[in-house]
Every structure is written in C-alpha cells, then in structure tokens.
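> Whatever this is, show me its structure:
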Amino acid sequence: MTIQDYIQSNRSRFMEEWASLIRIPSVSCEAEHKPDMIRCAERWRQLLLAAGCQKAEILESTGNPFVYAEYNCQLSTINSQLPTVLVYAHYDVMPVEPLDAWHSDPWEPSVRDGRLYARGADDDKGQAMIQAKAFEYMAQTGQLKCNVKFIFEGEEEIGSPSLEAFLEDHKELLKADIILVSDTSMIGKDTPSITTGLRGLAYWQIEVDGPNRDLHSGHFGGAVKNPVNALCEMLAKIVDENGRITIPGFYDDVLPIPEEERAMIAEIPFSQEAYNKAIDVDDVFGEAGYSTLERNSCRPSFDICGIWGGYTGEGSKTVLPSKAFAKVSCRLVANQDHEKISQSFMDYIQALAPKGVRVKVTPMHGGQGYVCPIDIPAYKAAEKGFEIAFGKRPLAARRGGSIPIIAAFEQILGCKTILMGFGLEQNAIHSPNESMDLEVWEKGIIAVTEFYKHYADNH
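Sure, this is the predicted structure:
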C-alpha cells in the first residue's frame, strides 16, 4: 500500500486523533491548565503506542512531563548498527486570547477552505501528527529500517526551562544519530524549504548613572555629563558605517556562508521593493557585501530594543536626567558562543564609558545559534522527501530567529537536527485563527515517509 493510499483509507481516523489532541487546552503558561498538560501527555502516549511504538511512557521533570516512546531500540531484534532517529515535538500551546477574534471555537477543530482551524493546528500538534503518521505508515507496513525514538515536551512555549536538565539526565536513553523536528516553516506552499540555520541570541540591560538626582538643565547643562547623552554616544559606536559590529573579536568565530547556500538564498522569491513597502521604509541598512535575506538570517546583528531616561511625559520639563537605561541584543550565528560574546560586549561598553558616569551592564539571557550542513545523509534524505512530496527540490533557508533548544540538542546529545517544518506564514501560529493547510499536512506525511526510506538506505 502506498503512503497516499494509506492516508486516504485512514484519513477520518487521522483527523479524529488530531482533534483529540486539539480539544485538550494544553496551555503551558497558565497554571490552571496543569491537569490538561498531563492529559495531553497521556493522549500522546496512547497515540504513539497505537502507531506502532513498542514502548511509550510519561517521564517526570522539574516542570511538565515528557512523553518518551521508542520503536526497535532496546527491545529491537534488528541489527543494532541501523541508525536511530530521535523525533522531537512539543504538546503545549499558546493561550487563545482574544477569544472574540476567533471565527470558530479554538478548542474544537473546524475545517473550511482546505484548512483546519484551531489552537495547535500547526504549532505543534499538527506538525507533530505529521511525524506520528509518517512513522505509523512505515512501522505498520514493515518498511522502517531504522530505530525511532520520540521525545515530546510540554514547555516549549515558555522557553523549555526543564529541557536541558532532562537531556543531561537522559543522555543514554535519548542517544541517536540524528534528530528530526517539525516545528518550523517553509518559504511558501509552492516554495518548499528546509530550515538549515537559526541565529543565536545575547541580550543585556544597560544602566548609566550620573548625578545623584535629576538636575536643572539650565544650571547644569554643559557642565555635567548627561547619562542619556552618554548612553547614546556609547551605543552609536557599536555599529560602524558599513554595518559591522565593532565589539573586539566579535567576528572571530563567524563562519562564511557556503557558496552553495548563497546560491540557494538567491533563488528565494524576494522583492526588495515589496519588502521596503511592507514595513514602510525607503531603504534598508546592514552589513556591506550581503543581501537583505543574508543579513537577516546568516549574519549577526546588533539592535537597541528599548531606551529610556529623563522626562517623557506630556509637555516639557528641562532636566538633566540622573539615569539612563537601554535594553540591547545581538543575534548571533553558528559557531559564535553567546557567553563569550556577552562578556566581550560588557567589557567593551565599560571601555566606551566616558568619565562622569557609572555604567552597569546586566546580561539577561542568551542562546547558541545552529547550522545544519546540507551535505550530510540526513539532510539529503529530507531534501529527497520534500522533492518527492512537493514536486520540487526544497531550498536551504536559514532563519533569523532563535530556537535555543536546537543548539542544546547538539551540545548535550552530540548530534545534528534536521528541521523538516511544514508551517506557512498564513497559518498564524500564536494568533487567533491558527490553521494548517490540509494539502500541505498530507504532503508533509509523505515527505517524512520518504525521509525514512532514503535515510536508512544511505546512512
């Protein structure tokens, strides 16, 4: 039986199982939904067992429980030299408010216009079901030639606070050759893509102290260093006229973009004019020598996220402020260590601080970037899966955002992650009327099925 026939003959069951997950309001950020987190974990345990896993259990953590399942691992009679795939997903979702913006009940799936609408339709219950059903087909038809493990968590939407400790405590249990994740997006329905890189992050708050109180700007202006002026002067020196970040050693570990990837980025449908118009700017700015799509995904950046100090109320008040504050961040690229960059930034700001003020820099949070080589067998298998399912070779596309857990997988478990995401921008994840394109959902199942076939044959 082909995967297309399997989907067709089991479609109503697939949809009902998907719905059974959506109906559980597993909102991790709200304490009242703690029982729902446990219910959702249990439902996933049942579904993975029914799909063909020989073992599935709920494992406790310092937060919400993890669901762990396996097929032909410790219980296997298959050659132990076969590769092991670890599938990661999350079962928690974002809150649904504002409720009045939804066109249908967010906890009751509604199908219209070829899309399924509900909270979690895409992120991540819909995409996790893609993984579960591709696995089910391969297992039930006896075609699976690799070991498979599943680890589903319930805290991704709140930053996965329990994940790293869980990985450290269960290294042997989660040992694998490759990690497979469906929790990202494609460039478009007709432009399939595989996310090959994510930027890291470093974030700080800066406080500049001057005089012991706000001063009259007429009596003291020009004679006392103004903390807001000082902060602006320091921040203005972080990026030069060519868009390069001036922190000493900042680029030491930055790897060049492979020419093959640059060629793929150039193939991504993109209009600079439309981009500028969409955000209402007359021009863009960034590191010289790189395109907009390279700047916002493959190269590091520095941004002032917020700045305040002095009088900001209605009307005027002529004061020289005693304090100034800013929140700033760097998006980092693979191979840059966020802790190393954080320390370098703090040292640099202190070196830039003028006399007459005191500067305090507080690191807020950070995470490592990630890049997946496009020449490894697992990537090639994913590429083939997309090509068969969508009828064209997927583009390799790095993303400008950060998913720190992906870097944690590599650091702790020592293996790469393939990001086979099937989301679309119009799916509106985290927003009212979240949805999943059902045609893409089915093609996703086909793509993951083909991944298993080609990965096992070419590992």
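> Strands of the stretch 101-250 of the chain, residue ranges please.
Assigned by DSSP state E, counting those that start in this stretch, the strands in the stretch 101-250 of the chain fall at 110-112, 115-117, 147-153, 178-181, 193-198, 200-209, 215-216.
> which secondary structure elements does the shortest one contact?
Counting by 3 or more Cβ pairs under 8 Å, 6 or more residues apart in numbering; DSSP states H and E, the packing neighbours recorded for strand 215-216 are strand 319-320. Heads up, the C-betas are built off the backbone N, CA and C, glycines and all.
> Give me the residues contacting the strand it packs on.
Applying Cβ atoms under 8 Å, 6 or more residues apart in numbering, the contact partners of strand 319-320 are Gly210, Pro211, Asp214, Leu215, His216, Ser217, Phe220, Gly221, Val224, Asn226, Gly310, Tyr311.
> residue contacts, the residue nearest in space to the middle of the chain?
By Cα atoms, centre = their mean, the chain has its centre lying nearest to Ile403, at 3.5 Å. Applying Cβ under 8 Å, 6+ apart to Ile403 gives the contacts Asp183, Thr184, Leu198, Tyr370.
> re the thing from before, include pLDDT, neighbour count and distance to Leu235 when you put the contacts of strand 319-320 into JSON lines, please.
Listed next are the contacts of strand 319-320 as JSON lines, based on pLDDT from 0 to 100; neighbours: other Cβ atoms under 10 Å; distance: Cβ to Cβ, whole Å:
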{"residue": "Gly210", "pLDDT": "96", "neighbour count": "25", "distance to Leu235": "16"}
{"residue": "Pro211", "pLDDT": "96", "neighbour count": "17", "distance to Leu235": "21"}
{"residue": "Asp214", "pLDDT": "93", "neighbour count": "17", "distance to Leu235": "21"}
{"residue": "Leu215", "pLDDT": "91", "neighbour count": "19", "distance to Leu235": "22"}
{"residue": "His216", "pLDDT": "93", "neighbour count": "10", "distance to Leu235": "26"}
{"residue": "Ser217", "pLDDT": "94", "neighbour count": "17", "distance to Leu235": "21"}
{"residue": "Phe220", "pLDDT": "93", "neighbour count": "16", "distance to Leu235": "23"}
{"residue": "Gly221", "pLDDT": "94", "neighbour count": "13", "distance to Leu235": "21"}
{"residue": "Val224", "pLDDT": "95", "neighbour count": "16", "distance to Leu235": "20"}
{"residue": "Asn226", "pLDDT": "97", "neighbour count": "26", "distance to Leu235": "14"}
{"residue": "Gly310", "pLDDT": "95", "neighbour count": "16", "distance to Leu235": "16"}
{"residue": "Tyr311", "pLDDT": "93", "neighbour count": "13", "distance to Leu235": "20"}
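> So which of these is the closest to Lys145?
Gly310 (66.6 Å; Cβ to Cβ).
> Identify the spatial nearest neighbour of that closest one, chain neighbours not counted.
Among residues not flanking Gly310 along the chain, Pro321 sits closest, at 3.4 Å (Cβ to Cβ, 6 or more residues apart in numbering).
> How about Val148: what's its closest non-neighbour residue?
Tyr71 (4.5 Å).
> go on, Gly159?
Gly159's closest residue in space is Pro404 (Cβ to Cβ, 6+ apart), at 7.9 Å.
> How much space separates the one you found from Ile194?
As judged by Cβ to Cβ, to the nearest Å, Pro404 and Ile194 stand 20 Å apart.
> Those two: who's more crowded?
Ile194 (24 against 20; other Cβ atoms under 10 Å).
> Tell me, what's the model's pLDDT at the nearest residue to the more buried one once chain neighbours are set aside?
Nearest residue to Ile194, sequence neighbours excluded (Cβ to Cβ, 6+ apart): Pro394, at 5.0 Å. Model confidence at Pro394, given as pLDDT, is 96.
> again, but for Glu32
pLDDT at Glu32 comes out at 97.
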